[in-house]
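Visitor: What follows is a predicted structure for the sequence shown.
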Amino acid sequence: MSSKVSVALVLPDLLGTYGDFGNAVVLEKRMTWRGIPAEIVTVRYGEPVPDSCEIYVVGGGEDTAQTLAVRHLREHPGMQRAASRGAVILGICAGIQIFGETFTRADQVTHPGLGLLDSTSHAGGSRAIGEVVATPADGLFEGVLSGFENHQGRTVLGPSARPLAHVKVGTGNDGSVEGAVQGRIVCTYLHGPVLPRNPQLADLLIEWATGTKPAPLDLPAVTRLRAERAKAAGV
């Protein structure tokens, strides 16, 4: 690892719905506050994707943006190379769809994904909009997972991928499970952004990237935010 932990913010000009760039900011800040040197490397459409970063963050976007993003990431496969060496990758909403084997858009056209996840995605009959509360699967981290979803996609996981969480309120992938984990790739349909609302997930990604469990941070504002959103979801 380099002297700084590099967090690649990938294609925020295409995949940046609901301020998903905030996930990269949270990762950088939560490392800096602990004395871990960190930096954000922004990769825009048309620019090569480096394969040297420790963490990659991909946000949400609509159908056309997804198609453009997949084309770009195939032409500049730095993130895929990084994944093969165990880099940490976070995919939000569109990320869970384009990281899979295939994704079928609302126009019923099926496109090949990046093959980073053992999953397929397709357009559901209705749009899932609202607060989500879910229980992390397999004790991945403590507490609950919460966020805001706004998507029509439905995702089916294959045997090599496992759910990130089990849905209590909302839809997630299919009304039962939410997100996906495969190796050090984590995907979720949740915005918010998801990492400000779920610091325990942010710290898990930091632990994977650095090899060291982060020291606790006392941030009362985050605790209040989580309680507020859980109340909004009726939990």
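Guide: Yep, that arrived.
Visitor: What residues of stretch 117-129 count as buried?
Guide: Buried positions in stretch 117-129, judged by neighbour count with 16 or more other CB atoms under 10 Å: 117-124, 128. Every residue, glycine included, has its C-beta placed from N, CA and C.
Visitor: tell me the least confident of those residues?
Guide: Lowest pLDDT among those: residue 124, with 89.
Visitor: Identify the residues contacting it.
Guide: 152-154 (CB atoms under 8 Å, 6 or more residues apart in numbering).
Visitor: Check which element follows the longest strand along the chain along the chain.
Guide: Counting by DSSP state E, the longest strand found in the chain is strand 119-136. The C-terminal neighbour of strand 119-136 among helices and strands, as given by DSSP states H and E, is strand 145-157.
Visitor: In JSON lines: the contacts of residue 124, plus distance to residue 29, pLDDT and neighbour count.
Guide: JSON lines is the format used below for these (distance: CB to CB, whole Å; pLDDT from 0 to 100; neighbours: other CB atoms under 10 Å):
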{"residue": "152", "distance to residue 29": "32", "pLDDT": "93", "neighbour count": "15"}
{"residue": "153", "distance to residue 29": "30", "pLDDT": "93", "neighbour count": "25"}
{"residue": "154", "distance to residue 29": "33", "pLDDT": "96", "neighbour count": "20"}
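Visitor: how near is residue 203 to residue 34?
Guide: Taking CB to CB, to the nearest Å as the criterion, residue 203 is separated from residue 34 by 10 Å.
Visitor: shared neighbours of these two, anything?
Guide: Contacts common to residue 203 and residue 34, judged by CB under 8 Å, 6+ apart, are residue 214.
Visitor: More neighbours: which of these two?
Guide: Comparing residue 203 with residue 34 by other CB atoms under 10 Å, the one with more neighbours is residue 203, at 21 against 16.
Visitor: Check the gap between that one and residue 55 for me.
Guide: Separation of residue 203 from residue 55 (CB to CB) stands at 12 Å.
Visitor: How about residue 162?
Guide: Residue 162 is 20 Å from residue 55, by CB to CB.
Visitor: Can you list the helices and strands that the lowest-mean-pLDDT helix or strand in the chain packs against?
Guide: Least confident helix or strand of the chain, by mean pLDDT, DSSP states H and E, is helix 220-232 with a mean of 83. Secondary-structure packing of helix 220-232 (3 or more CB pairs under 8 Å, 6 or more residues apart in numbering; DSSP states H and E): strand 119-136, strand 145-157, helix 194-197.
Visitor: one step back: of the contacts of residue 124, closest to residue 79?
Guide: Checking the contacts of residue 124 against residue 79 with CB to CB, the nearest one is residue 153 at 20.5 Å.
Visitor: Enumerate every residue touching that closest one.
Guide: Residues in contact with residue 153 (CB under 8 Å, 6+ apart) are 93, 96-97, 103, 121-124, 189.
Visitor: and residue 66, what is it in contact with?
Guide: Residue 66 makes contact with 15, 94, 97-98, 103, 105, 111 under the criterion CB under 8 Å, 6+ apart.
Visitor: ok, now residue 72?
Guide: Contacts of residue 72 by CB under 8 Å, 6+ apart are 11, 14, 45-46.
Visitor: Return the members of the residues you listed classed as buried.
Guide: 11, 14, 45.
Visitor: For residue 199, state which of those residues is nearest.
Guide: residue 11 (24.6 Å).
Visitor: Can you verify my assumption that that closest one contacts residue 60?
Guide: No: applying CB atoms under 8 Å as the test, residue 11 and residue 60 come out as separate, 11.0 Å apart.
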